[in-house]
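Colleague: Next input, structure requested:
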Amino acid sequence: MTEIRTPRLLLRRWHDDDLVPMADINADPRVMRWIDDGSVRDLDHTAEAIERWEEEWDEEGFGLFAVELLASGELAGFTGLYVPEFLPEVGPAVAISWRLGSQFWGQGYASEAAQATLEFALQDRGLDRVISISRAGDAASENVIRKLGMVLERETVHPVYGFPLRVHTIDLTEYQA
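Modeller: Predicted coordinates:
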């Protein structure tokens, strides 16, 4: 089983008891504001998403990690890698992503988890390049992206929702572990 420990977090595969806390995160309009059309997600949608994330692990050898706080065992959200099929113009590519419950914002957890995931992608999984796709105006995500050392590659538009997106990238030669 793939696990990564950071000073404060455990990044791991999904457990059955992660469903309700992740559904609570997905039901928060503040969390979902920058995701797709901004709609909140219910328990059934979250269960389907976790199932897809686990399938991606099995098919690709990477996926979205559940992010657990070491101190309390609480599920804080996710971080991980995915193939951004919704945006074929950037492919082939692997993107890094994260989503944390609002009670976990502002404490450096997203940056800590994303940094560990980027290291996993470039060093453990042997990827040469990783991208991040953010919605223009999402300052919190842009801050994490800057901390990862990623640079703006292009601006584009979401093919379904029509809002502006920013694609950042980093490759193995630029990465500083």
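Colleague: pLDDT below threshold where in this structure?
Modeller: Applying pLDDT under 70 to the chain flags the ranges 1, 175-177.
Colleague: Can you show me the helices along it?
Modeller: Using DSSP state H, the helices of the chain run over 19-26, 29-32, 43-60, 109-119, 139-147.
Colleague: Distance from the chain centre to the shortest one, please.
Modeller: Okay, so that is helix 29-32. 15 Å (Cα atoms, centre = their mean, to the nearest Å).
Colleague: which of the residues in it are buried?
Modeller: Val31, Met32 (16 or more other Cβ atoms under 10 Å). Using the backbone N, CA and C atoms, a C-beta is placed for each residue, glycine as well.
Colleague: The first one now?
Modeller: Along helix 19-26, the positions that meet the burial threshold by neighbour count (16+ other Cβ under 10 Å) are Leu19, Pro21, Met22, Ala23, Ile25, Asn26.
Colleague: Skipping adjacent residues, who's closest to the second one in space?
Modeller: Distances taken as Cβ to Cβ, 6 or more residues apart in numbering put Leu75 closest to Pro21, at 4.1 Å, once the chain neighbours are dropped.
Colleague: got the contact list for the one you found?
Modeller: Asp18, Pro21, Met22, Ile25, Ala66, Val67, Glu68, Gly101 (Cβ atoms under 8 Å, 6 or more residues apart in numbering).
Colleague: With distance to Val130 added, can I get the buried residues of helix 19-26 in CSV?
Modeller: Formatted as CSV, those follow (distance: Cβ to Cβ, whole Å):
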residue, distance to Val130
Leu19, 28
Pro21, 27
Met22, 23
Ala23, 28
Ile25, 23
Asn26, 24
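Colleague: now, which of these sits nearest Ile170?
Modeller: Closest approach between those and Ile170, by Cβ to Cβ: Ile25, at 26.4 Å.
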